[in-house]
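Novice: Give me coordinates for this.
(chains A and B)
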Amino acid sequence: MATLLTFVNWLLPLAYLAVAADYAATFILRTRTHVRNPALAGVIVLHAAFLTAWGLHAGVLPLGEIHEILSLIALSSAILYAVIEFTSRDRRAGVFILLLVFLIQYTASVQLAGPIARGRAAAIDESGGLHVIPAIFAYTAIAFAAVCSVLYLAGQRALKRHSFGVLFDRLPPLDLLGTMSWHALLTGFLLTTITMITGALLFRHMGGHARGGAFDVKVTAKIVTGSIAWAACLTAILGKTLFHWPLRRVCQFIVGTFVVILALFAASWILTAA
Amino acid sequence: MDLFVIGISHRTAPVEVREKVALPGPLSRQLLRTMHAEKTFEEILVADTCNRTEFYFVPHNDADPLPYILDHVARAKGAPADVEPSLFYRHRGPDAVRHLFSVAAGLDSQIVGESEILGQLKTGYRLALEERTAKFLLNKLMHRAFRVGKRIRTETQLGFGSTSVAQAAAELAGQVFAELAGKTILLVGAGKTVEAAAKTLVRPGVKQVIVANRTLSRAQELAADLSLGRGPAQEADEPITCPALLRLLGLMNAPGGSAPTPARIPARAVELVDLPAVIGEADIVLCSTGSPDLVLTHEALAEPIRRRQGLLLIVDIAVPRDVDPRLGKLPNVFLHNINDLDKVVEGTLARRRSEIPKAQAILDYEVAKFSAWRDSLDANATILQLRRRFELVQVEQLERYGRKFDPAAREQLQAFTQALINKALHQPITFLRSLSQEADTSEQLLMVDAVRRMFDLDSIETPGEDS
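Specialist: Coordinates of the predicted model:
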């Protein structure tokens, strides 16, 4: 079983890279832009099967370690993109999302190689999964919204400046990018809300102590990051619906939020390591 | 019996010369009818467009047909066709096939890759079918040309993008909106330019069209036109299959036959003073009025535009411009003028030109394939292949049943089967030999082709032939 898991662990990033290369060909050559990609569905099924098998092999939910969370983020991003491609029948944004998915899964696979060979040490209790899973999907949705927003801003800038160069006709239409970004933002907000509620309940269930036994820096950073992400999503949603922000401003706000979240994650990692 | 083409095009002659031999529909028909009656050519077809007049034909003899053609062109037009013969190009055999395929693919067109040429070739072919001057060889050739034209456009990007201002406007709309279905198009002006551009942009599924014009009656006329979907005629994608086409034409002309009803698009007309009231409804604004002053001003329209939700594409194809450039700076507004559309067209043409080598490679392959098929229609070669086909059957069946007999009986069996084959083939071979001794005609080629297809002779190799 360990040998098979090791093999699939290395196969996954390669499979994502191959699919990303296919999307890159679509982007560069402008061919098959409105055809759904069955290869992506195949890789997603393989990825889900791998995580299930790894969970069964380890005997716990594969959510306790950072590399497992990264792999789940990669999977959820791929699923989210596949759903959007399936409904919009436009695959021109695929190269950007799939390259990101490849990088995340490659990082996860490098770190997963050790635990697969040696056996898994850390575990997560069942109730923790109710908090961690929506958190993973929430950050994935926000990351997705950020990528779509960057593409929207790039396309919008090109059209505003009448620049019909490299990006012209290679990106999906602006309204589609805007819709993708907006829906991902709404999803991110909903999941962040669930994450915060389950997090609060879990914290209370543990008697005011985090898993390490103390209210440490890591937990504080998570609460701060989650709160900022939730507030930023809410601001963008209210800005668009109540104050009629143009899509450009909403996209700029989403990108800014994502950068702040990344910075907070990095700060948390540095502080914890120190 | 070989295929020839004689023609004149934008590559060899200026328009003043080309128009002396141009043969629009009725004249082409008249010319074909006369030539059919005089039996000058075995087969002939006229391809006439604004950039070329070409005669594809299979002659009965080796005499130069140009004087005869020019004489008949002059008679059909009722004016002398005094054109210097050196301005005509001539191709024969595979070169003629290559030329036609190249024309069908749009490689020989003034705007490389344009697709109208395929429709114009189909019109020429339809006329030849109706006048019965296209027979076996031209039928095969034209069907192949339509397929090659389509293949090259599918497998390369020779037909990519927009080459007209109207198409460029539609392409820009495609960059902003995933689909035009459910969108409202506002046309400002009701002149020819707007009408032509609108007919490219307005498609079934569009939510509504609003026409704003200084003269309301003209706006109402255009709105009614667009509402009825009276756009430019669409060319069928599929190549014409002659009997079906002729049946279709018969049906359409028959009493009680009816053309398909175009989908109605909601359209209404307003005056220019109503623009501030209607601009909030629009997703795409297309304008071209003859006004020397700005028609869509910042003062009048900035506020209604700011209040609306969603993206707004404004395409200003008027010279002088109709739209205040300051409107383009508003959020969610994308303003493009005629210069921007020209940039889109230039980019498209450059990209199409870069696809020519790929298209040429497909062309080479298809010409070789057609030439190989044409060469296979030789009666003598067909006789050899027919014998070979039966020999193969004999060998196979002897292998199968011969082992049940002793050697002496097997020899007798072989002699028997050989005699049977000789008897069975005697009549077909005599028939094919008689074809080979007569001058080629379309009917003869058709018969040889029928024999080849009946016995699947293209799948076998003649002894001594390289594999």
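Novice: tell me which parts of the stretch 251-400 of chain B are close to chain A?
Specialist: Within the stretch 251-400 of chain B, the residues that sit near chain A (CB under 8 Å from any CB of the partner chain) are B:309-311, B:328, B:331-332, B:334, B:336, B:340, B:343-344, B:347. Every C-beta, even on glycine, is put in place using the N, C-alpha and C of the backbone.
Novice: list the contacts for the residue nearest in space to the middle of chain B?
Specialist: Geometric centre of chain B, nearest residue: B:L118, 1.2 Å, by CA atoms, centre = their mean. Neighbouring residues of B:L118 by CB atoms under 8 Å, 6 or more residues apart in numbering or on different chains: B:104, B:106, B:146, B:149-150, B:235.
Novice: show me where chain B has strands.
Specialist: Secondary structure of chain B (DSSP state E): strands located at B:4-9, B:41-48, B:52-59, B:89-92, B:184-188, B:208-213, B:267-271, B:284-287, B:312-316, B:333-337.
Novice: related to what we said a few turns ago, if any of the contacts of B:L118 are buried, put those into a PyMOL selection.
Specialist: Buried residues within the contacts of B:L118, by 16 or more other CB atoms under 10 Å in any protein chain shown, are selected in PyMOL with:
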select buried, chain B and resi 104+106+146+149+150
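Novice: With respect to chain A, which of the contacts of B:L118 is nearest?
Specialist: Proximity to chain A was ranked across those by CB to the nearest CB; first place goes to B:K150, at 16.3 Å.
Novice: Could you pull up phi and psi at whichever residue of the stretch 151-274 of chain A sits closest to chain B?
Specialist: Ranked by CB to the nearest CB, the top residue of the stretch 151-274 of chain A for proximity to chain B is A:P246, at 3.6 Å. Dihedral pair for A:P246: phi -70, psi 160, per degrees, to the nearest 10.
Novice: And for it, nearest residue in space, chain neighbours not counted?
Specialist: B:P331 (3.6 Å; CB to CB, 6 or more residues apart in numbering or on different chains).
Novice: that older thread, so the residue of the stretch 151-274 of chain A closest to chain B touches B:L312, yeah?
Specialist: No - A:P246 is not in contact with B:L312 according to CB atoms under 8 Å; the separation is 10.8 Å.
Novice: Need the single longest helix in chain B, by residues.
Specialist: helix B:407-437 (DSSP state H).
Novice: buried ones in it?
Specialist: Using 16+ other CB under 10 Å as the test for burial, helix B:407-437 gives B:413, B:417, B:425, B:429, B:432, B:435.
Novice: which bits of the stretch 151-274 of chain A sit near chain B?
Specialist: A:155, A:159-160, A:162, A:164, A:168-169, A:171-176, A:178, A:244, A:246-249.
Novice: Okay, and which of those map to helices?
Specialist: Using DSSP H, those in helices are A:155, A:159-160, A:174-176, A:178, A:247-249.
Novice: Residue 60: neighbour count?
Specialist: Answering for chain A, as no chain was given. A:V60: 18 surrounding residues under other CB atoms under 10 Å in any protein chain shown.
Novice: Chain B is the one I meant
Specialist: Residues near B:H60, counting by other CB under 10 Å: 15.
Novice: Count the neighbours of B:T34 for me.
Specialist: B:T34 has 14 nearby residues by other CB under 10 Å.
Novice: Touching, it and B:V73? I think so.
Specialist: No - the pair B:T34 / B:V73 is not scored as a contact, 10.6 Å apart, by CB under 8 Å.
Novice: Let me know the pLDDT of B:P255.
Specialist: pLDDT recorded at B:P255 is 36.
Novice: Please apply the same query to B:V367.
Specialist: 93.
Novice: Report how many residues lie close to it.
Specialist: Burial of B:V367 is recorded as 21 neighbouring residues (other CB under 10 Å).
Novice: List the contacts of it.
Specialist: B:94, B:97-98, B:101.
Novice: Closest one to chain A out of those, please.
Specialist: Checking the contacts of B:V367 against chain A with CB to the nearest CB, the nearest one is B:F101 at 22.8 Å.
Novice: Show me how the chain divides into domains.
Specialist: Going with chain A. Split into domains by automatic domain parsing, chain A comes to A:1-124, A:126-274.
Novice: switch to chain B, that's the one I care about
Specialist: Split by automatic domain parsing, chain B gives B:4-159+B:355-369, B:165-229+B:264-345, B:376-459.
Novice: before we move on, back to that, quick one: the residue of the stretch 151-274 of chain A closest to chain B and B:V323, what's the gap?
Specialist: 19 Å (CB to CB, to the nearest Å).
Novice: Now the residue of chain B found nearest chain A. Its backbone dihedrals?
Specialist: Nearest to chain A, among the residues of chain B, is B:P331, at 3.6 Å (CB to the nearest CB). When read as degrees, to the nearest 10, the backbone of B:P331 gives phi -60, psi 150.
Novice: What degree of burial does it show, as a neighbour count?
Specialist: Per other CB under 10 Å, the neighbour tally for B:P331 reads 16.
Novice: same thing with the one 3 residues further on?
Specialist: Neighbours of B:F334 under the rule other CB under 10 Å: 22.
Novice: The one 5 residues further on now?
Specialist: Using other CB under 10 Å as the criterion, B:N339 is surrounded by 11 other residues.
Novice: for the one 3 residues further on, same thing?
Specialist: As a burial measure, the neighbour count of B:D342 was computed by other CB under 10 Å and equals 12.
Novice: and if you look at B:R452?
Specialist: Residues lying near B:R452 (other CB under 10 Å) number 18.
Novice: what does the one 4 residues further on give?
Specialist: Using other CB under 10 Å, B:D456 is surrounded by 10 other residues.
Novice: could you list every residue that touches the residue nearest to it when sequence neighbours are not counted?
Specialist: Closest residue to B:D456 apart from its sequence neighbours, by CB to CB, 6+ apart: B:R389 at 7.6 Å. The contact partners of B:R389, by CB under 8 Å, 6+ apart, come to B:455-457, B:460.
Novice: try 10 Å this time
Specialist: Applying CB atoms under 10 Å, 6 or more residues apart in numbering or on different chains to B:R389 gives the contacts B:425, B:455-457, B:459-460.
Novice: residue ranges of the helices in the stretch 1-150 of chain B, please?
Specialist: In the stretch 1-150 of chain B, the helices defined using DSSP state H, counting those that start in this stretch lie at B:15-21, B:25-38, B:66-77, B:94-104, B:116-130, B:136-155.
Novice: tilt between the fifth one and helix B:94-104?
Specialist: For helix B:116-130 and helix B:94-104, the angle between their directions (axes from the mean of the first three to the mean of the last three CA atoms, to 10 degrees) works out to 120 degrees.
Novice: any idea how far helix B:116-130 is from the chain center?
Specialist: Put simply, helix B:116-130 sits 8 Å off its chain's centre (CA atoms, centre = their mean, to the nearest Å).
Novice: any idea of the mean pLDDT in it?
Specialist: 90.
Novice: Pull out the buried residues from it.
Specialist: B:117-118, B:120-130.
Novice: likewise the third one?
Specialist: Applying a neighbour-count criterion of 16+ other CB under 10 Å, one finds B:69-70, B:72-74, B:76-77 buried in helix B:66-77.
Novice: and residue 102, how many neighbours does it have?
Specialist: Defaulting to chain A. 22.
Novice: that's the wrong chain, I wanted chain B
Specialist: The tally of other residues near B:S102 (other CB under 10 Å) stands at 20.
Novice: Leaving out the residues flanking it, which one is nearest to it?
Specialist: B:D108 (4.9 Å).
Novice: how about the helices in the stretch 301-450 of chain B?
Specialist: For the stretch 301-450 of chain B, the helices defined by DSSP H, counting those that start in this stretch occupy B:338-354, B:356-375, B:379-401, B:407-437, B:442-454.
Novice: With neighbour numbers in mind, choose between A:P246 and B:V323.
Specialist: Taking neighbours as other CB under 10 Å, A:P246 and B:V323 compare with B:V323 leading, 24 against 20.
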